[in-house]
Structure formats: C-alpha cells, structure tokens
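> need a 3D model of the following:
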Amino acid sequence: MSTPILRTSDRDLKLVAALASVVSLFSFLYYFQRGEILLYGDAVAHINIARRVFDSQTPGLLQLGTVWLPLPHLLMIPFLVSDWMWRTGLGGSIPSMIAYVLGATGIFRLTRCLLEDDERTRSAARAGAWLAALIYGANPNLVYLQATAMTEPLYLAFFIWAVTYFVEFRRLLASESVDSSALRRPLNRCAWCLAGAELTRYDGWFLAAVIGMPVLLLLLRRWNDRAFRRPAIKFVLSVAFAPVLWLSYNAAVYRNPLEFADGPYSAKAIEQRTAQPGYPSHPGAGNIGTAASFFLKSAELDMAEGNWGRIWIVIALAGTWVGMRVRTRGVVLLLWVPVVFYALSIAYSGVPLFLPAWWPFTWYNLRYGLQLLPLFAVSVALAIAAPKGAIERMRLVPSLKRWPDTNLLLRGGTAVVLIVVGLSYFSVWKAQPLCFKEAWVNSRTKLALESSVAKAVVDLPRDSTYLMYVGDHVGAFQQVGVPLRQVINEGNHRPWKKPVDPQGLWEQALADPARHVDFVIAYEGDAVDQSVQRTGLTLLKEIHTTGQQRARIYSVRAALNQSR
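Just a heads-up that it's a prediction; the model follows:
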C-alpha cells in the first residue's frame with residue numbers, strides 16, 4: 001500500500017510546486033512593472049555585492065565582504081552576468097522565487113510527514129498539508145519578499161527542508177523495523193540543508209546547533225553501531241563546516257575571525273556609532289523579554305493587521321500542544337527556534353527591530369517576523385488534522401461508536417481556519433503588506449537621491465571612471481548601467497593590510513583622484529567626503545533631496561583637460 005501513497009504525494013508536491021510557481025511569477029510581474037522590487041536597500045546591496053565578484057577593478061571572491069553570508073550572492077551571480085538582469089534587479093529575484101516554491105513544497109511535505117502515521121490518517125494528513133501550504137504560500141508579506149533579492153525566502157526554504165528531513169530521520173529512528181543504514185539519506189539531506197542555511201543567514205548557525213545537539217548525543221550513545229556512526233559523523237562534520245569556513249575566511253582576509261560580528265560594518269558597531277549616550281539604542285536592547293515581545297509582535301503583524309494577529313500566536317500554541325502529544329511531533333518545537341534566536345540577537349547583538357504599532361513607531365526589520373510563518377502554517381494543520389486522525393484510530397475500537405463524523409469535523413475546522421486565514425490576509429493586503437510598506441517608507445528619499453545622481457551621471461561621458469563609496473548608494477550606477485569596474489570604491493581596499501594600506505587602489509584614489517578617475521561622487525559625511533584630496537577638484541553639481549545628505553559630483557583636472 002505504500003506505493004500509491006508515495007505516488008499521490010509526488011503528484012501533490014508537483015501540483016503545489018506548479019501553483020506556487022504561478023503565484024511567484026505573477027507577483028513578481030506585478031511588482032516589477034510597478035518598479036517595486038528594488039525598494040529594499042539591502043536588496044540593491046545584495047545584487048551589487050554579487051555583481052562586484054566579476055565586475056570590479058579588483059574582481060574575485062573577496063568582494064563578498066564580511067557582514068552578509070556568501071551563498072545568496074553566489075546564487076545570484078549567474079543571473080547577474082546579464083546587464084539587463086542586473087539593472088532591473090531580476091537577476092537577484094530569481095533565487096528568491098525558486099526558494100519560495102521550494103519552501104511551499106517543503107511545508108507540504110513536512111506537514112504530511114508529521115500527520116501521516118498510516119493508511120487511516122492519510123486523508124487527514126493530505127488535507128492538513130494542503131492547508132499548511134496554502135497558509136505559507138499565500139502570505140502577502142512573503143509573496144512580496146520573494147519577488148525581491150532579499151535573503152529571507154532562501155533561508156526559509158533551507159529551514160523548512162532541514163526540519164522536514166530531520167522529522168523523517170526521527171520517524172525512521174523510532175521504527176524498530178528500519179535498519180540503521182536507512183537513516184543515512186534523511187540525515188545527509190538534513191545536513192546539506194543546514195549547511196545551506198548557515199551560509200545564508202546567521203539564524204542557520206543557531207538552528208544547526210539546536211538540531212545537531214541531539215544527533216551528536218545519539219551518536220555518542222550508538223557509537224558501536226557502525227551503520228549509524230558513519231552518517232552521524234558525516235552529519236556533524238557537514239554542519240560544522242560552514243561556520244568554520246566563514247570564520248576561517250574572516251581570519252585570513254580581515255585578520256579577525258569575528259569581523260562580521262564586531263568589525264566596523266557589523267550591526268553592533270553601527271549601533272554604537274548611532275546610539276545616543278544615556279538612551280537605549282533600540283527597544284529590547286539588554287532586555288530579552290522585551291526583545292522577544294517585539295519579535296512576536298512583528299510575526300503577528302506579518303500575519304494580520306492590528307491586534308488580530310494575536311490569534312495566530314494562539315493557533316501556534318494550540319498546534320504545538322497537540323503536536324507534543326503525538327509520536328515524533330515534538331519536533332514542532334524546532335519551528336519556535338526563531339523566537340529564541342531573535343530575542344537574543346535583539347537583546348545582545350545590536351540587531352534593531354522597530355514596529356509602527358509600538359514606540360518609537362517606525363519601520364525597520366519587520367520582515368524578521370516571517371521566520372515564524374512555517375510555525376503558523378504547520379500549527380494550523382496539527383490543531384485540526386491531528387485530532388481527526390486520532391479519532392479515526394479510536395473508532396477502530398468497537399466500544400467507541402458514537403464519536404462524531406471525522407470528515408465533518410475536518411471540514412468544519414478547515415472552513416473556520418480558511419475564514420480566519422482569508423480575513424487575516426485580506427486585512428494585510430488592504431493595508432498593504434508590512435514588508436512592502438517598510439521598504440517603501442525607508443527608501444523614498446534614498447531612491448529620490450539615487451535617481452537624481454543617476455540623471456547627472458547619464459550626462460557624463462559613458463566611459464568615464466568614478467571614485468565613490470558605494471555602500472549606501474550603489475543603486476545610482478545600477479540604474480544607469482555604468483559597470484562597477486569603472487568605479488573605484490571601498491571594495492577595492494585590501495582588508496588584510498592593517499592598520500593602513502597606502503598602496504591600495506582605494507587609498508591611492510582618495511589621496512590623488514586625478515591619477516585614477518575622471519569624476520568623484522561624495523555624499524556628505526561618507527568616506528569619500530571625509531578623506532578625498534580635494535586639490536584640483538571642480539564642483540560640477542550639488543544634489544540635495546529631503547531627508548538625505550547632499551551629494552556632490554566633482555570633476556578632476558584630468559577630466560577637464562581631456563574635455564578641452
């Protein structure tokens with residue numbers, strides 16, 4: 001009887017993938033034609049970090065930098081070779097769109113695996129899996145983010161599939177009839193997904209530790225089982241490889257293995273530079289309880305407008321309570337891992353999260369709450385379909401003949417949930433997804449400034465070379481399509497040269513622009529504005545937009561002499 005079940009599951013997975021692909025494509029086209037896939041400054045930064053790996057005066061993997069993990073940028077590179085896909089942002093969106101589809105199919109498979117114990121629970125498991133996939137795939141905030149070059153959709157896909165394979169591993173482990181060698185496949189796949197998550201976001205490091213600890217303890221307990229020992233050791237080494245690789249890269253290039261955590265571009269360093277003495281740098285700093293409440297509130301707001309999002313926390317608690325009482329479903333606790341990670345990050349790692357509903361009533365990092373979307377989706381299915389399956393099993397006992405119609409129970413519960421989901425998501429669409437509003441609110445003045453600079457650059461000779469700090473406004477060159485190899489920027493600095501590198505290209509251009517570039521673009525207060533040698537520079541244009549620092553475009557003597 002197992003073959004028909006697998007075939008049905010395969011057909012369902014293909015259908016989920018097809019429907020998710022349609023949603024992904026249409027949502028991308030909607031936001032693309034409105035010019036809204038590059039609203040996030042981080043999305044623009046991700047695209048251009050990937051582009052600089054091959055489009056730079058000093059190309060190579062060192063252009064990946066240190067703060068952001070490398071995998072999202074590496075996945076974008078093949079698509080960004082096209083100048084058009086770079087300028088439009090499409091090359092950065094494609095990995096996110098693929099990840100969205102994989103995440104939806106992963107939620108389906110995870111939920112089905114949690115609910116399906118045998119043939120008797122097959123229909124409930126299938127219905128629950130479809131319901132979970134619907135809740136995940138239809139979330140308005142995720143639908144927007146997957147059309148952008150942000151890293152959340154990719155991480156969610158790795159997160160979901162890592163938990164899925166771990167669940168399959170646990171189920172096989174609990175089966176007395178399964179040989180230890182059969183555990184190799186799900187364990188290996190779980191390790192690869194965890195490694196992908198670890199190279200995508202730092203959330204993955206915490207997740208890998210949480211999942212890896214029970215595997216390590218099991219390995220120690222079953223050390224004499226050779227069939228299990230080899231895949232378990234491979235799992236531990238694979239999970240440890242990604243963090244060790246990143247720490248080694250930082251140690252070799254920046255002379256500091258923790259450069260991403262405490263270096264000048266880290267979240268903690270930025271917080272220290274911007275904080276006002278005597279005031280907390282952001283809500284939740286140093287207070288893990290407040291930090292957790294901010295994260296949970298962001299998760300609520302990503303699911304429903306206003307206070308209606310609280311119902312999703314209730315659903316998550318109910319689903320977890322049900323899951324803890326059935327075989328192997330205690331792994332649903334893994335879906336709560338983001339709460340712990342972000343509470344610690346907000347409280348102690350300089351990671352801010354601002355909500356429009358709470359002081360200081362602004363928008364920043366609201367998308368973090370989407371990390372609980374898998375929990376919400378799976379919890380709904382557990383709360384509805386798991387009791388239905390339990391009743392079906394109990395009805396096999398002759399004395400229990402007056403239990404309610406389980407199909408009616410499932411349909412009624414599903415209908416109620418669909419109404420809740422529909423009203424929640426309708427309220428989000430009506431008010432606009434918060435992830436979209438966050439990007440729009442925070443980018444309006446920045447995009448206006450970059451567009452003004454881009455218009456000025458268009459009037460300059462096409463083959464001109466520039467000196468500019470691109471960390472904040474690289475979008476100006478992306479809009480115009482000026483190759484980054486024509487721009488000397490901070491990415492051309494050799495970070496292993498400390499404390500200074502007077503022979504570096506970046507430093508030489510700052511000291512003597514006329515020997516290296518035709519034009520200098522300085523934004524008030526940035527590294528170029530503070531360090532560039534202005535002797536021989538001629539101010540061509542000063543650009544000012546509300547809420548942004550002034551941009552000044554200078555011509556150097558070499559450019560003036562050539563034009564004459």
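> quick one, what contacts the spatially most central residue of the chain?
In the chain, the residue lying closest to the centroid (Cα atoms, centre = their mean) is residue 152, at 1.8 Å. Applying Cβ atoms under 8 Å, 6 or more residues apart in numbering, we find residue 152 in contact with 142, 145, 201, 367, 370-371. All C-beta spots, glycine's among them, are computed from the backbone N, C-alpha and C.
> check those and tell me the two furthest apart.
Greatest spatial distance among the contacts of residue 152 (Cβ to Cβ): 142 and 201, at 15.2 Å.
> neighbour count winner among the two?
residue 142 (26 against 23; other Cβ atoms under 10 Å).
> how many residues are close by residue 84?
9.
> and residue 538, its phi and psi?
Dihedral angles of residue 538 (phi, psi; degrees, to the nearest 10) stand at phi -120, psi 120.
> separation between it and residue 225?
Computed with Cβ to Cβ, to the nearest Å, the distance linking residue 538 and residue 225 is 76 Å.
> cool, and residue 502?
Plainly put, residue 502 is 60 Å away from residue 225 if you go by Cβ to Cβ.
> more neighbours, the two?
Neighbours per residue, other Cβ under 10 Å: of residue 502 and residue 225, the larger number sits with residue 225, 15 against 8.
> what are the phi and psi angles of that one?
Torsion angles at residue 225 (phi, psi; degrees, to the nearest 10) stand at phi -90, psi 100.
> any idea of the pLDDT on it?
Looking at residue 225, its pLDDT stands at 82.
> and if you look at the one 10 residues further on?
Per-residue confidence for residue 235 comes out at a pLDDT of 95.
> would you agree it is in contact with residue 185?
No - taking contacts as Cβ atoms under 8 Å, residue 235 lies outside contact range of residue 185: 11.6 Å.
> between these two, who's got more neighbours?
residue 235 (24 against 14).
> ok, the closest residue to that one other than its chain neighbours - contacts?
Take residue 235 and drop its neighbours on the chain: the residue closest to it by Cβ to Cβ, 6 or more residues apart in numbering is residue 191, 4.5 Å away. Contacts for residue 191 (Cβ under 8 Å, 6+ apart) come out as 234-235, 238-239.
> can I get those residues in TSV including distance to residue 459 and secondary structure?
Output for the contacts of residue 191, formatted as TSV (distance: Cβ to Cβ, whole Å; DSSP: H, G, I helix; E, B strand; the rest coil):
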residue	distance to residue 459	secondary structure
234	59	helix
235	58	helix
238	53	helix
239	53	helix
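> now name the helix or strand holding the residue nearest to residue 106 when sequence neighbours are not counted.
Nearest residue to residue 106 in three dimensions, chain neighbours excluded: residue 160, at 3.7 Å (Cβ to Cβ, 6+ apart). Residue 160 belongs to helix 152-174 when elements are defined using DSSP states H and E.
> tell me which residues of that helix are tucked away?
Buried residues in helix 152-174, defined by neighbour count with 16 or more other Cβ atoms under 10 Å: 152-173.
> do you know how far residue 113 is from residue 452?
Residue 113 is 53 Å from residue 452, where distance means Cβ to Cβ.
> now do residue 470
Remark: distance between residue 470 and residue 452 (Cβ to Cβ) = 16 Å.
> look at those two and report which has more neighbours.
Higher neighbour count among residue 470 and residue 452: residue 470, with 24 against 17, using other Cβ under 10 Å.
> assign the more buried one to helix, strand or coil.
coil (DSSP: H, G, I helix; E, B strand; the rest coil).
> how much space separates it from residue 478?
Distance, residue 470 to residue 478, using Cβ to Cβ: 10 Å.
> cool, and residue 355?
Taken as Cβ to Cβ, the span from residue 355 to residue 478 is 30 Å.
> include distance to residue 428 when you put the contacts of residue 191 into CSV, please.
CSV is the format used below for the contacts of residue 191 (distance: Cβ to Cβ, whole Å):
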residue, distance to residue 428
234, 43
235, 39
238, 38
239, 35
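> narrow those to those that are buried.
Buried residues within those, counting neighbours by 16+ other Cβ under 10 Å: 235, 238-239.
> now the residues you listed as TSV including distance to residue 108?
Below are the buried ones among the contacts of residue 191 laid out as TSV (distance: Cβ to Cβ, whole Å):
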residue	distance to residue 108
235	25
238	25
239	25
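> now the lengthiest helix in the chain: buried residues?
In the chain, assigned by DSSP state H, the helix with the most residues is helix 2-33. Neighbour counts using 16+ other Cβ under 10 Å place 5, 9, 12-13, 16-17, 19-20, 23-24, 27-28, 31-32 of helix 2-33 among the buried residues.
> residue ranges with poor pLDDT in the stretch 101-250 of the chain?
Residues of the stretch 101-250 of the chain that meet the criterion pLDDT under 70 lie in 118-120, 176-180.
> kind regards, and thank you for your time.
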